[in-house]
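Trainee: Provided below for reference: sequence and predicted model.
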Amino acid sequence: MQRDRRQPARLRFVDFPKVSLFTRVTRTRRIACAVPAARVPHMQVSYTMSFESLGLSQPVLQALALKEYSQATPIQTQAIPTLLKGRDLLGIAQTGTGKTAAFMLPSIDRLRQSDRRAGPRACRMLVLAPTRELASQIAESARSYAQFSQLRVVTVFGGTSVGKNRQDVARGVDILVATPGRLIDLIEQRFLTLQEVEILVLDEADQMLDLGFIHALKQIVRLLPAKRQTLFFSATMPKAIKELADKFLTDPAQVSVAPAATTVERVDQYVTFVQQAEKQALLTMMLRHGFSERGNMDRVLIFTRTKHGADRVVKLLAGNGVASNAIHGNKSQPQRERALAEFKGGKVKILIATDIAARGIDVSGVSHVINFELPNVAEQYVHRIGRTARAGAAGVAIAFCADDEKAYLKDIEKLTRQRIAAEPLPANFLAEAHRIKTTRTAPPPPSREERREEEQGRRRFAPARVQRGQGRYASAVKPTGGRGGRRAASR
């Protein structure tokens, strides 16, 4: 073939992985080929830098050294110097790129430099997250990064004791990580003021909008001082997010480590077309093979669209001898914490989740993400498969697509601008599916502890009694276009 002589050829490596629907990447060949410069797609080139070269203080560098972190990720390299100067920031980054450290490390240094103390019932830095799990994870990271900076970190979110939240904020805190619903509860009850906030961080802003937090966010921002630093992070950048950012930010710097709505490059994506009624059998076959000696599944995260669907998958898997846990909004806080701890620790290697609950799952070693049901919002697919291939590892994302979900698949491929490879059903699938259904046994009865936690969850989400009067900010927590009020906002 005649090479294009108008521009010099560039050398690039093309990976041809040998993969299976049931296993991770097992072998890769790297082939060097000359490609004309005009045909090489445009890519943002980012260079890794050491944290010491980014201008961070010694206490922060000491905390990073204890965690054995030395090289900054691209989002950290771009964001940290800008934030140290005090500028507002609009960050577009996929999950697993290190964005928590990107905003937390420079913010800790700025709080130290201002040398102020938070007054009673006040906070200096406010981080808003859409879910309890994500809020808890951000706070855990903040405590480790600030361990030599003498800054106090507190979490406030639904499912925990309001009385304890009041005690935690009574003396004032440096860094407050909260979900919007519980935060407004405390403001209504006059146990918290936002008048001393120096730094505001909105993490996972696209998910905030999906959950109907737009009114709550606007109300919270009205209560903040006009003079503050605002950081706005989102994995995707639809038009609604851009409009919201324009309202909240002042002359922001913009950093991006990937184009909006792209998927993680290290994830191998596949789709299998299967009838809805046969999905459970296919899932059981896949997990049995993947966790056998021939397979290579380490930890598997499975997504369903509904909370009841997640519970049903857990029960049916248990009937076939496959252990798993579910995590979703109807679970009590102890249940959610236990399920996540067992998944992280490897005691139970299969976790069934809904989109809302899974946003706080940051577990290295998730080898496979399985979309048991495709999301009806295409952006959610990006977030789902971002749970694997974290911290530089490879991963596999598999989608089950029924006939009535093909429109969702089309939207996903349009958003991500790539066609997902189709994998056929296993040989003798119908016969094996029939055998799985006929040999399925009833799941074992729940233990006393599980029954108690389930009862707590039912009481937690029982219909609320009508109360006399409303607080000043009660309308702010009502989700857009739906019911649910304070209960939904505190999740």
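Mentor: Thanks, I have the structure now.

Trainee: pretty sure Gly319 is touching Arg440, no?
Mentor: Yes: counting by CB atoms under 8 Å, Gly319 does reach Arg440; the two are 4.1 Å apart. Any C-beta I mention is one placed from the backbone N, CA and C, and that applies to glycine too.

Trainee: show me the strands in the stretch 151-300 of the chain, by range?
Mentor: Using DSSP state E, counting those that start in this stretch, the strands found in the stretch 151-300 of the chain span residues 153-156, 173-178, 199-202, 229-234, 253-256, 267-273, 300-303.

Trainee: tabulate those strands (JSON lines), appending mean pLDDT, distance to Leu282 and mean neighbour count.
Mentor: Rendered in JSON lines, the data for the strands of the stretch 151-300 of the chain read as follows (pLDDT from 0 to 100; distance: least, CB to CB, whole Å; neighbours: other CB atoms under 10 Å):
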{"stretch": "strand 153-156", "mean pLDDT": "96", "distance to Leu282": "39", "mean neighbour count": "24"}
{"stretch": "strand 173-178", "mean pLDDT": "97", "distance to Leu282": "39", "mean neighbour count": "27"}
{"stretch": "strand 199-202", "mean pLDDT": "96", "distance to Leu282": "39", "mean neighbour count": "24"}
{"stretch": "strand 229-234", "mean pLDDT": "92", "distance to Leu282": "34", "mean neighbour count": "23"}
{"stretch": "strand 253-256", "mean pLDDT": "90", "distance to Leu282": "37", "mean neighbour count": "17"}
{"stretch": "strand 267-273", "mean pLDDT": "93", "distance to Leu282": "7", "mean neighbour count": "18"}
{"stretch": "strand 300-303", "mean pLDDT": "95", "distance to Leu282": "12", "mean neighbour count": "26"}
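
Trainee: let's have those in JSON lines, adding distance to Asn165.
Mentor: Converted to JSON lines, these look like this (distance: least, CB to CB, whole Å):
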{"stretch": "strand 153-156", "distance to Asn165": "5"}
{"stretch": "strand 173-178", "distance to Asn165": "9"}
{"stretch": "strand 199-202", "distance to Asn165": "19"}
{"stretch": "strand 229-234", "distance to Asn165": "24"}
{"stretch": "strand 253-256", "distance to Asn165": "33"}
{"stretch": "strand 267-273", "distance to Asn165": "38"}
{"stretch": "strand 300-303", "distance to Asn165": "30"}
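
Trainee: do you know which of these lies nearest Lys218?
Mentor: Ranking the strands of the stretch 151-300 of the chain by proximity to Lys218 (CB to CB) places strand 199-202 first, at 11.6 Å.

Trainee: name the strands paired with that closest one and say parallel or antiparallel.
Mentor: strand 123-128 (parallel), strand 229-234 (parallel) (DSSP bridges).

Trainee: from the middle of its chain, how far away would the last one be?
Mentor: Averaging C-alpha coordinates over strand 229-234 and over its chain gives two centres that are 16 Å apart (CA atoms, centre = their mean, to the nearest Å).

Trainee: make TSV from the strands paired with strand 199-202 and add distance to Ala72 to it.
Mentor: As requested, those are exported to TSV (distance: least, CB to CB, whole Å):
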stretch	distance to Ala72
strand 123-128	20
strand 229-234	16
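
Trainee: endpoints of stretch 144-154, how far apart?
Mentor: 13 Å (CA to CA, to the nearest Å).

Trainee: got a list of contacts for that stretch?
Mentor: For stretch 144-154, contacts defined as CB atoms under 8 Å, 6 or more residues apart in numbering pick out 57, 59-60, 62-64, 66-67, 101, 104-105, 108, 111-112, 118, 123, 139, 142-143, 168-169, 172-177.

Trainee: picking up where we left off before, closest to Leu194 out of the strands paired with strand 199-202?
Mentor: Of all the strands paired with strand 199-202, strand 123-128 sits nearest to Leu194, with 6.7 Å by CB to CB.

Trainee: quick one: contacts of that closest one?
Mentor: 107, 111, 114, 116, 118, 135, 138, 142, 154, 169, 172-180, 183, 192, 194, 196-203, 208, 217, 220, 224.

Trainee: give the next helix or strand downstream of it.
Mentor: Next helix or strand after strand 123-128 toward the C-terminus (DSSP states H and E): helix 132-145.

Trainee: how about low-confidence regions in the chain?
Mentor: 1-48, 94-96, 258-265, 356-361, 390-393, 443-491 (pLDDT under 70).

Trainee: and it, what are its domains?
Mentor: Taking automatic domain parsing as the criterion, the chain consists of the domains 9-39, 68-256, 267-455.
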